[in-house]
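[1] Output the structure for:
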Amino acid sequence: MKHLLLVPGAVLALAAARPALPTTAAELPTVRQAQFKKDTFNLRQYGAVADGQTLNTSAFQKAIAACAANGGGTVQVPAGLWLTGPIVLQNNVNLHLANGALVQFTPDRTQYPLVKTTWEGEEAIRSQAPISGVDLQNIAITGNGTFDGNGDVWRPVKKSKLNESEWKKLVASGGVLNDKKDYWYPSASSLKGNLLASSGQKRKSLNPADFDDIRDYLRPNMLSLTRCKQILLEDFTIQNSPAWTIHPLLCEDITLRRVTAKNPWYGQNTDALDLESCRNGVVESCTFDVGDDGICIKSGRDEEGRKRGVPTENFVFRNCRVYHAHGGFVIGSEMSGGARNLFVKDCSFMGTDVGLRFKTARGRGGVVENIYVDGVAMNNIAGQAILFDMYYAAKDPVPLAGESTAPPVIEAQPLGEGTPQFKGFYIKNVVCKGAETGILVRGLPEMSIKDINLENITLESQKGMLCQEAENIRLKNVTLLSTETKPVLEVQNSKNISFDNLRYASGADLLLRVTGDRSQGIKLVNTNTKLAKKDVELGQKVGKKAVVVAAK
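    The predicted structure follows:
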């Protein structure tokens, strides 16, 4: 895939025209399904013991190898508590957890060797994933059992995330504290690695031996699949992950159905699902309750992601539930390879920090386009119900006590290959009861967020809408029931913004404020402006013709 190169004064487009983008999920490619022989290989037959004490790593690998050598089939994990080290999948194998099966990954971190892999979109050395597969075809994990990643022995914890009793219990369990005594680490090795990272001392080596002194810092993703095809993940529960929970990278034809991912709400980096540079898939009827993003779309970070140049594309997400998470459905921020042709249908987000969360930053590059959302129900959203943010600062979406909530001052920078693009979002039939902000759109002065369509939406929130550095934003039949109404709508340095049949709380102090010398083409039509004490307020640098009001 060739990249879009942005240069000052000109835009050099793709050399060849792209095929037409799908406009319905039915136009996406068919997802090829995994299929398996009927042969079954019982884990017990390979020496496994379900006593919670015996390390069954060898038994798992023997059973999987025997199944693969026979042309495939099912490796049956019976009911019981199975302690194990890393499990490595093979071609044509369905790893099936029976009802009552609990696969517990050992807390002994030395059982997870350092390996070359990726972390947050870039090549890296990390500890081996508890479950992994590389360059495989026709694989599955199924059944109603549970995987537990023993993530508590890997993850650092902020004191502010726990109450006093929880903090005292954690400190008494072992581990070490930082100098300020406000951060707990599982070991001195974990502390050392985190301190090096926070000081910007990144080790560029890809030799595992160079990381022995900070190995405990290098938390693994729990289920890691790389360059695999025809994947089925169905019915199981996966919990207590050291880092990201389910991470397909450069995979094709993925079916994820009725999977539950659970992590502590304070667990850092414990995203439920991260689809990175993957194509063709269905994610349906899943339940996620985690400490970071819920459903997350990625495609690599900065220069490495652009060089890879593989977008995440052609996915349908339907009938999924997300409880605690930083975001319900998320794109970014590592989206340098782009994302397109994504369809979200009939999902619910309950108690997430943000509902629909689209984030990127300067330096990423990449194009996110052709995103469809139809049917989202949300309640108790701590931050924004709908967020488009090209100024992502890698901070928690809900500020802690004492942190600044003021919007950043954004100055224009030259266009380049690291300039990201958001365009072509179609969002309709969304309801949110309770959020800090209904809608936040924040582009960059050099690259506005473009072509956003919001229709048939009702949002109950503290603040209404802030639209900053945006272009061609259309709201139709949108209700913003905000308690803060000074104003309900704020538009800054944006153009061609349309509010059609907007509804809001009667008695609002100010309906619309427009600021910025680049604001123009703001339309407020088919709206009863008389319900507000004042309809429009213009900033000093805004031309009088920048806003057109056509009241009912």
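[2] Near residue 305, how many other residues are there?
    Using other CB atoms under 10 Å, residue 305 is surrounded by 25 other residues. Backbone N, C-alpha and C define where each C-beta goes, glycine included.
[3] Surely it and residue 363 touch.
    No - here residue 305 lies out of contact with residue 363, judged by CB atoms under 8 Å, at a distance of 10.2 Å.
[4] Nearest to the spatial middle of the chain, which residue is it?
    Centroid check for the chain by CA atoms, centre = their mean gives residue 296 as the closest residue, at 2.4 Å.
[5] Grab the nearest non-local neighbour of it.
    Excluding the flanking residues, the one nearest residue 296 by CB to CB, 6 or more residues apart in numbering is residue 330, at 4.4 Å.
[6] which stretches of the stretch 351-500 of the chain have low pLDDT?
    Residues of the stretch 351-500 of the chain meeting the criterion pLDDT under 70: 393-409.
[7] Name the surrounding residues that touch stretch 148-165.
    Under the contact criterion CB atoms under 8 Å, 6 or more residues apart in numbering, stretch 148-165 has outside partners 102-107, 109, 130, 167, 170, 181-186, 190-191, 194, 216, 219-220, 222, 238-243, 245, 263-268, 270, 400-401.
[8] Name the residues of that stretch that are buried.
    Using 16 or more other CB atoms under 10 Å as the test for burial, stretch 148-165 gives 148, 149, 150, 151, 153, 154, 155, 156, 157, 159, 161, 162.
[9] Quick check: the last one vs residue 265, distance?
    Residue 162 sits at a distance of 11 Å from residue 265 (criterion: CB to CB, to the nearest Å).
[10] Tell me where the stretch 251-400 of the chain has helices.
    302-308 (DSSP state H, counting those that start in this stretch).
[11] now do the chain
    Taking DSSP state H, the helices of the chain run over residues 57-69, 164-172, 188-198, 302-308.
[12] quick one, which of those helices is nearest to residue 137?
    Among those, the nearest to residue 137 by CB to CB is helix 57-69 (11.3 Å).
[13] I'd like to know which elements that closest one is packed against.
    Using 3 or more CB pairs under 8 Å, 6 or more residues apart in numbering; DSSP states H and E, the elements in contact with helix 57-69 are strand 40-42, strand 73-77, strand 80-84, strand 87-88, strand 93-97.
[14] Just give me how far it sits from the chain centre.
    Chain-centre distance of helix 57-69: 33 Å, with CA atoms, centre = their mean, to the nearest Å.
[15] quick one, that helix and strand 93-97 angle?
    With axes from the mean of the first three to the mean of the last three CA atoms, to 10 degrees defining the directions, helix 57-69 sits at 130 degrees from strand 93-97.
[16] between helix 57-69 and strand 80-84, how big is the angle?
    Going by the same axes, to 10 degrees, helix 57-69 makes 100 degrees with strand 80-84.
[17] Contacts for helix 57-69, please.
    Helix 57-69 is touched from outside by 39, 41-43, 45-48, 73-75, 84-93, 95, 111, with contacts defined as CB under 8 Å, 6+ apart.
[18] among those residues, which ones are buried?
    By 16+ other CB under 10 Å, the contacts of helix 57-69 give 41, 43, 46, 48, 73-75, 84-93, 95, 111 as buried.
[19] any idea how far residue 148 is from residue 236?
    Shown here: residue 148 relative to residue 236, a distance of 11 Å by CB to CB.
[20] my bad, should have said residue 351
    Taking CB to CB, one finds residue 351 at 23 Å from residue 236.
[21] So for the two, which residue has more residues nearby?
    Per other CB under 10 Å, whichever of residue 351 and residue 236 has more neighbours is residue 236, with 23 against 17.
[22] will you turn the helices of the chain into a markdown table that also has mean pLDDT?
    Below are these laid out as a markdown table (pLDDT from 0 to 100):
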| stretch | mean pLDDT |
| --- | --- |
| helix 57-69 | 98 |
| helix 164-172 | 97 |
| helix 188-198 | 95 |
| helix 302-308 | 95 |
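[23] Next up, the contacts around residue 367.
    So residue 367 contacts 4, 311, 338, 340, 420, 421, 423 (CB under 8 Å, 6+ apart).
[24] Now intersect these with the strands, please.
    Secondary structure from DSSP state E places 340, 421, 423 of these in strands.
[25] Bridged to the first one, which residues?
    Read it as residue 340. Beta-bridge partners for residue 340, by DSSP bridges, are residue 313, residue 369.
[26] That one and residue 315, how far apart?
    In this structure, residue 340 lies at 10 Å from residue 315, with CB to CB as the measure.
[27] Pick out whichever of those two has more residues nearby.
    The neighbour comparison of residue 340 against residue 315 (other CB under 10 Å) goes to residue 315, with 25 against 21.
[28] what's the spacing between the more buried one and residue 431?
    23 Å.
[29] Equivalent analysis for residue 188, please.
    As judged by CB to CB, residue 188 and residue 431 stand 49 Å apart.
[30] The two: which is more packed in?
    Taking neighbours as other CB under 10 Å, residue 188 and residue 431 compare with residue 431 leading, 17 against 13.
[31] Going along the chain, name the strands of the stretch 151-300 of the chain.
    157-158, 176-177, 183-185, 223-226, 229-234, 237-239, 246-249, 252-257, 260-262, 273-276, 279-284, 287-289, 295-298 (DSSP state E, counting those that start in this stretch).
[32] Please name the residues that touch residue 534.
    Contacts here follow CB under 8 Å, 6+ apart; on that basis residue 534 touches 509, 510, 511.
[33] Only whichever of the residues you listed are buried, select them in ChimeraX.
    Applied in ChimeraX, the following selects the buried portion of those according to 16+ other CB under 10 Å:
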select :510,511
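[34] could you dump the contacts of residue 534 to a markdown table with pLDDT and distance to residue 469?
    Converted to a markdown table, the contacts of residue 534 look like this (pLDDT from 0 to 100; distance: CB to CB, whole Å):
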| residue | pLDDT | distance to residue 469 |
| --- | --- | --- |
| 509 | 98 | 25 |
| 510 | 97 | 21 |
| 511 | 98 | 21 |
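[35] now, which of the contacts of residue 534 lie within strands?
    Nothing among those maps onto strands, per DSSP E.
[36] Serialize the contacts of residue 534 to TSV and add fields for distance to residue 68.
    TSV is the format used below for these (distance: CB to CB, whole Å):
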residue	distance to residue 68
509	68
510	67
511	65
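[37] for the contacts of residue 534, which one is nearest residue 539?
    Among the contacts of residue 534, residue 510 lies closest to residue 539 (CB to CB), at 12.6 Å.
[38] surely the closest one meets residue 482?
    No - using CB under 8 Å, residue 510 makes no contact with residue 482, being 11.3 Å away.
[39] Return every residue with contacts to both of the two.
    Common neighbours of residue 510 and residue 482 (criterion: CB under 8 Å, 6+ apart): residue 488.
[40] what's the spacing between residue 41 and residue 302?
    For residue 41, the distance to residue 302 equals 44 Å [CB to CB].
[41] One more: residue 521?
    34 Å.
[42] Compare those two (neighbour count), which wins?
    When residue 521 and residue 302 are compared for neighbours, residue 302 comes out ahead with 19 against 15, by other CB under 10 Å.
[43] Name the nearest residue to that one, ignoring sequence neighbours.
    If the residues on either side of it in the chain are set aside, residue 302 comes closest to residue 363, at 5.2 Å by CB to CB, 6+ apart.
[44] and residue 332, how many neighbours?
    Neighbours of residue 332 (other CB under 10 Å): 26.
[45] Also residue 67?
    The number of residues packed near residue 67 is 25, by other CB under 10 Å.
[46] Quick check: it vs residue 98, distance?
    Using CB to CB, one obtains 16 Å as the distance from residue 67 to residue 98.
[47] try residue 348
    30 Å.
[48] Neighbour count for the two, which is higher?
    residue 348 (18 against 15).
[49] can you tell me how far residue 311 sits from residue 292?
    Distance from residue 311 to residue 292, by CB to CB: 22 Å.
[50] could you dump the contacts of residue 367 to TSV with distance to residue 531?
    Shown next, in TSV, are the contacts of residue 367 (distance: CB to CB, whole Å):
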residue	distance to residue 531
4	44
311	44
338	42
340	39
420	38
421	37
423	33
